[in-house]
Each structure stands twice: as structure tokens, then as C-alpha cells.
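K.L.:
Have a look; sequence and predicted model below, questions after that.
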Amino acid sequence: MSLNVIGVDFTYNSQPVLSEVDFQLEGGELLAILGPNGVGKTTLLKCINAIHKPSSGAVMVEGRDVLSMRPDEIALGIGYVAQKNETARLTVFDAVLMGRKPHIRWKVGDHDLKIVESAIRRLHMEKLSLRHIDQLSGGEMQKVAIARALVQEPRLMLLDEPTSSLDLKSQIDILTLLRRVVDEHKISAIMTMHDLNTALRYADKVLFLKDGTIHSTGPACDVTSEVIEEVYGLPVHIHHVHGHPLIVPAA
């Protein structure tokens, strides 16, 4: 899976939100989009998924421009997990099964049911399987949304703050699973995050947005304290604990 974002601009109410965004991502890579609140991280994800239409530029997935594809074609290749998900009177199992919709032609088959059961097990949601999603906590609902995206079997996953509302163990479980799926199936994944330490631990690459443009991008292991201070306006130190970077505010 290859993703090529070329010169993407996005304007909202005559105000520029994104300007000349360019980056590439290959199969087996996990990218974290980082930056202060309101900088355009979620908007960029929605432009990649054609939920928003850029004012200029192109988003190429495996050589095809996403902006020219039908919604059902996009759903076959791209899975999207939003920050907030709508609740309805569905069981967890049925809500996850909805992720199979792009693959189902006439009726749900045994193969579809097995994929859903597997995703529910991988996210340790067996006890929630028959609960209605309007009875779930925010963190539980986030897991349902991620499971629904996984059963789409996408080649590209877009996750908007996938660990929001999750406790520490659930955060680690979700990101470890995402890392494993990316590595084993050689898909590409992009996640927006606020937790820099978590992002640097799990991502291959990072992309820092500042004022709607790319401030810097590159391997997560190459991030410097100078870049973080320039993007966030806060001096920091980077230490390493058990081989993982740990960002500590200098003040």
C-alpha cells in the first residue's frame, strides 16, 4: 500500500486550514501526526479520506486519486476511526459487523462472522459482545470503532486520537494491536495524537503540523527537543528509558 499526499490545501469559511501538505507513506509504516490543538490534524485525516474535499492537491492511494473514487471504493481500502462515534440501538457485535458492509454482496457469510468474532476477541470485548453500544463508556465505544475499522480489512487505516478516553492498559493494548496489524499485514496507518511519548514509542514516522503547514517530518527516532520546542513553544528534554524516548518539560 502506498499513499502519496501531494500539495493538499484546505480552506474553511475563507480561512486557510492546511497549506501545501506533502508526504508519502508505504505499507508496513505507522505515521503519527502531531501538533498543537487546532492545527489541522483531524482536517488532514478527513482530506485523505475524502470526507473533506481539498481546495487543491491530490491524495493518491496505490496510484489512484481518492478524491475521484466512489465512497464504496474508498471504504474497501481505507478504514477511518473518528474521535467521536455515533451511538445507536445496536449490539457491539452488530456494530462491529457493520464494518464488513463494503465486502458483503447478498448476505452475511460465515467468513464475515468469523472476522468479527476475531476482532472482538483481539480487543478483549467478548463480555460486551451483546451489550448495546448506547450503554457503553467512551473508552468502550472507542474500542468498538477500532474493531469496526479492523474488520474492513483496509490497506490504509486512519485513526483520529485512537487512545482518547482509554485507560492506560487499554491504550497499550490498542497501540500494540495496531502495531502488530501494520507489521503483519503490511498495511499503512496514520494516527493523530497528543501524547508525544506514546507516539514516539509506537510510530515509525512522525509529522509535525504548525500553523497548517508541515513543520517537519521524518523517523520517530530522529525527533529532537529543538523541533518539539519550535512546534509547541515549550522547552523539553528527551531522555531514553529502556530504549524508548521520554519527553520531559524543561521548566
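P.N.:
Received the coordinates, thanks.
K.L.:
shaky segments in this structure?
P.N.:
Applying pLDDT under 70 to the chain flags residues 85-87.
K.L.:
Show me where it has its strands.
P.N.:
2-12, 15-26, 30-34, 56-61, 64-65, 78-81, 156-160, 188-192, 205-210, 213-219, 236-241, 244-249 (DSSP state E).
K.L.:
tell me the angle the fourth one makes with strand 15-26.
P.N.:
Orientation note: strand 56-61 sits at an angle of 30 degrees relative to strand 15-26 (axes from the mean of the first three to the mean of the last three CA atoms, to 10 degrees).
K.L.:
now for strand 56-61, which elements pack on it?
P.N.:
Under the contact criterion of 3 or more CB pairs under 8 Å, 6 or more residues apart in numbering; DSSP states H and E, strand 56-61 touches strand 2-12. (Each C-beta comes from the backbone N, C-alpha and C, glycine too.)
K.L.:
May I have the strands that pair with the strand it packs on, each with its orientation?
P.N.:
strand 15-26 (antiparallel), strand 56-61 (antiparallel) (DSSP bridges).
K.L.:
Any chance of TSV for those strands, columns distance to Leu90 and mean neighbour count?
P.N.:
Output for the strands paired with strand 2-12, formatted as TSV (distance: least, CB to CB, whole Å; neighbours: other CB atoms under 10 Å):
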stretch	distance to Leu90	mean neighbour count
strand 15-26	32	17
strand 56-61	29	18
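K.L.:
ok, and the closest non-adjacent residue to Leu25?
P.N.:
Excluding its sequence neighbours, the residue lying closest to Leu25 (CB to CB, 6 or more residues apart in numbering) is Leu3, at 4.3 Å.
K.L.:
residues in contact with the one you found?
P.N.:
Residues counted as contacts of Leu3 (CB atoms under 8 Å, 6 or more residues apart in numbering) are Gln24, Leu25, Glu26, Ile48, Val59, Met60, Val61, Leu156, Ser188, Ile190.
K.L.:
repeat for Asp211
P.N.:
Neighbours of Asp211 in contact, by CB under 8 Å, 6+ apart: Val39.
K.L.:
which strands and helices sit next to the lengthiest helix in the chain?
P.N.:
Looking across the chain with DSSP state H, the single longest helix is helix 168-185. Identification of packing neighbours for helix 168-185 by 3+ CB pairs under 8 Å, 6+ apart yields strand 30-34, helix 138-151, strand 156-160, strand 188-192, helix 196-202.
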